[in-house]
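Enquirer: Test case, fold it:
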Amino acid sequence: MASTPFPPLARIVRGTGPGLLLAHGAGGSARDNWGPLLAGLAAHRTVVAPDYPGSGDTPYEPGEPTLDDLADRLVATADEEGFDTFDLAGYSLGAAVAVRAATRHPGRVRSLLLLAGVAGGSARLRLLADLAIDLADRPADLTRLMLTVVLGGTWIDALSPDDLAFLRESLDSPVPAGFRQQFRLAGRADVRAELAAIAVPTLVVSTTEDQLVPPGQHRLLSDGIPGARLAEIASGHLPVVERLPELRSVVLDFLKELDATAV
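Expert: Sure, this is the predicted structure:
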């Protein structure tokens, strides 16, 4: 079992059956990043979706979290829910956290699903993370940046002027308390050197219109993990918003394949 000196993370727990641990992205939360998928996932797994410190229902903690910290706390959450082994899905920064959890805790992770994931080594991503941090106290300006680089151009261009205005207004709100910490970590996270050590079934889902964590990062993950499969979705960085039915199908098909192989 993993041990951690930190307090427990708040989490969403739904469903029955084998454990599925979910790692969210920088500036998001379990509900923000995984919410529309939870019902479908819970039909096949016991879903355990923690919030990082300063996100969702987990209180802010001072200091700078590391990938090791978040990976260990993710695994500790699985311990608290009674799971010795589990499938693990990570979105964006959460993909790097998931990779680190798999390499720090071998034998605990049964499979990996890495969605729009950070691999590391991108100067552009570091610059975007720094810019997002600089704009954190200016919600309107941060919203303009997010609309430009987070959501896919095809999806944005298809919105009516009224829908775009509504979206812009709904996004114009204060950032979570852990936003800066998590974006700093996303900018410097690098798991490329440990990918070859992963020996579990892995699906990498690449969002092909992603301008925040571009497809080159996703391909580093799929190319670096032995036997990993790559699935592509024509979406920006938020496929749960832009391409939910397609994303749900890809994710659930992967879980069903794992179940069929285990029989």
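
Enquirer: Can you report phi and psi for the nearest residue to residue 29 once chain neighbours are set aside?
Expert: Using Cβ to Cβ, 6 or more residues apart in numbering and skipping the chain neighbours, the partner closest in space to residue 29 is residue 56 (3.4 Å). Quick note: C-beta positions are derived from backbone N, CA and C, even for glycine. Here is the backbone geometry of residue 56 (degrees, to the nearest 10): phi 50, psi -130.

Enquirer: What residues does residue 56 make contact with?
Expert: By Cβ atoms under 8 Å, 6 or more residues apart in numbering, residue 56 lies in contact with 10, 24, 29-32, 176.

Enquirer: how far away is it from residue 243?
Expert: Distance of residue 56 to residue 243, given as Cβ to Cβ, to the nearest Å: 23 Å.

Enquirer: Same check on residue 79?
Expert: In this view, residue 79 and residue 243 are 34 Å apart by Cβ to Cβ.

Enquirer: Report the two of the contacts of residue 56 separated the most.
Expert: Greatest spacing in these, by Cβ to Cβ: 10 and 32 (13.3 Å).

Enquirer: how deep is residue 158 tucked in, by neighbour count?
Expert: 11 (other Cβ atoms under 10 Å).

Enquirer: Report pLDDT for it.
Expert: pLDDT for residue 158: 96.

Enquirer: And residue 6, by the same measure?
Expert: 79.

Enquirer: and the longest helix along the chain, how far from the chain's centre?
Expert: In the chain, with assignment by DSSP state H, the single longest helix is helix 244-262. Per Cα atoms, centre = their mean, to the nearest Å, the displacement of helix 244-262 from the mean C-alpha position of its chain is 17 Å.

Enquirer: got the buried residues for that helix?
Expert: Judged by neighbour count using 16 or more other Cβ atoms under 10 Å, the buried positions of helix 244-262 are 247-248, 250-251, 254-255, 258.

Enquirer: could I have it exported to CSV, CA atoms only?
Expert: Provided in CSV are the C-alpha atoms of helix 244-262 (Å, rounded to 0.1, in the frame of the first residue of the first chain):
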residue,chain,number,x,y,z
LEU,A,244,-18.4,13.5,-26.1
PRO,A,245,-20.2,10.6,-27.9
GLU,A,246,-17.0,9.7,-29.8
LEU,A,247,-14.8,10.0,-26.8
ARG,A,248,-17.2,7.9,-24.7
SER,A,249,-17.2,5.2,-27.4
VAL,A,250,-13.4,5.1,-27.6
VAL,A,251,-13.0,4.9,-23.8
LEU,A,252,-15.7,2.3,-23.2
ASP,A,253,-14.4,0.1,-26.0
PHE,A,254,-11.0,0.1,-24.4
LEU,A,255,-12.5,-1.0,-21.0
LYS,A,256,-14.5,-3.7,-22.7
GLU,A,257,-11.4,-5.0,-24.5
LEU,A,258,-9.6,-5.2,-21.2
ASP,A,259,-12.5,-7.1,-19.7
ALA,A,260,-12.6,-9.5,-22.6
THR,A,261,-8.8,-10.1,-22.4
ALA,A,262,-9.1,-10.8,-18.6
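
Enquirer: So which residues of this protein form strands?
Expert: Taking DSSP state E as the criterion, the chain carries its strands at 11-14, 19-23, 46-50, 86-91, 109-115, 202-207, 229-233.
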